[in-house]
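K.L.:
Compute the structure for the input listed below.
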Amino acid sequence: MAYQPLKQMIEAADKAITEEDFDSLMAFYADDATLVIKPGLIATGKEQIHKAFFAIAEHFNHSLVVKQGAMHVIHGGNTALVIMETVLETVDAAGVASRMSRRATYVFREDPAGKWLCVIDNSYGTELLGTM
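P.N.:
Model (predicted):
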């Protein structure tokens with residue numbers, strides 16, 4: 001499987017997050033998707049995920065810019081695991097800019113029409129293991 005379709009989808013989703021276009025962002029997710037908001041806190045289903053992104057935007061002072069780094073895709077059947085570097089840039093209320101990099105994991109499922117949808121969005125990747 002070529003990475004290009006998933007890479008383009010992730011880029012479009014990251015653009016929607018950066019632009020706070022959360023209505024368009026929901027097309028990226030399966031109806032039963034799960035988003036790791038932070039360690040110990042998840043949102044399941046498009047309604048919860050939509051609300052979570054509004055809270056995330058507020059938390060980051062409406063300054064969140066999401067970018068991609070290196071990506072690796074492992075594909076099996078109608079499922080793909082994407083392991084990639086996700087770069088988050090923010091500016092706090094005092095105007096201080098910061099940049100963080102995460103090794104994110106995403107799980108995609110291909111629907112019967114051939115469209116890939118995100119079913120698990122975990123920008124924390126294996127970092128979650130350190131929170132147990």
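K.L.:
Need the phi and psi values for the most far-flung residue of the chain relative to its centre.
P.N.:
Using CA atoms, centre = their mean, the residue of the chain lying farthest from its centre is A94. It sits 26.3 Å away. Main-chain torsions, A94, degrees, to the nearest 10: phi -90, psi 0.
K.L.:
I'd like to know how far it sits from S63.
P.N.:
12 Å (CB to CB, to the nearest Å). All C-beta atoms are positioned from the backbone trio N, CA, C, and that covers glycine.
K.L.:
now E47
P.N.:
On the measure of CB to CB, E47 and S63 end up 25 Å apart.
K.L.:
Of those two, which one has the most company?
P.N.:
Neighbours were tallied for E47 and for S63 using other CB atoms under 10 Å; the higher tally belongs to S63 (15 against 11).
K.L.:
show me what contacts the more buried one?
P.N.:
89-92 (CB atoms under 8 Å, 6 or more residues apart in numbering).
K.L.:
which one of the residues you listed is nearest H59?
P.N.:
T90 (9.2 Å; CB to CB).
K.L.:
count of neighbours near the closest one?
P.N.:
Using other CB under 10 Å, T90 has 17 other residues around it.
K.L.:
Which residues outside the host helix or strand of it are in contact with it?
P.N.:
When elements are assigned from DSSP states H and E, T90 belongs to strand 79-91. Contacts to strand 79-91, defined as CB under 8 Å, 6+ apart, come from residues 1, 6, 10, 14, 60-61, 63-75, 97-110, 116, 123, 125.
K.L.:
Name the nearest residue to E85, ignoring sequence neighbours.
P.N.:
Distances taken as CB to CB, 6 or more residues apart in numbering put G69 closest to E85, at 2.9 Å, once the chain neighbours are dropped.
K.L.:
can you confirm that neighbour is in a strand?
P.N.:
Yes - the assignment for G69 (DSSP: H, G, I helix; E, B strand; the rest coil) places it in a strand.
K.L.:
measure it to L88 for me?
P.N.:
Distance, G69 to L88, using CB to CB: 11 Å.
K.L.:
The two: which is more packed in?
P.N.:
L88 (17 against 12).
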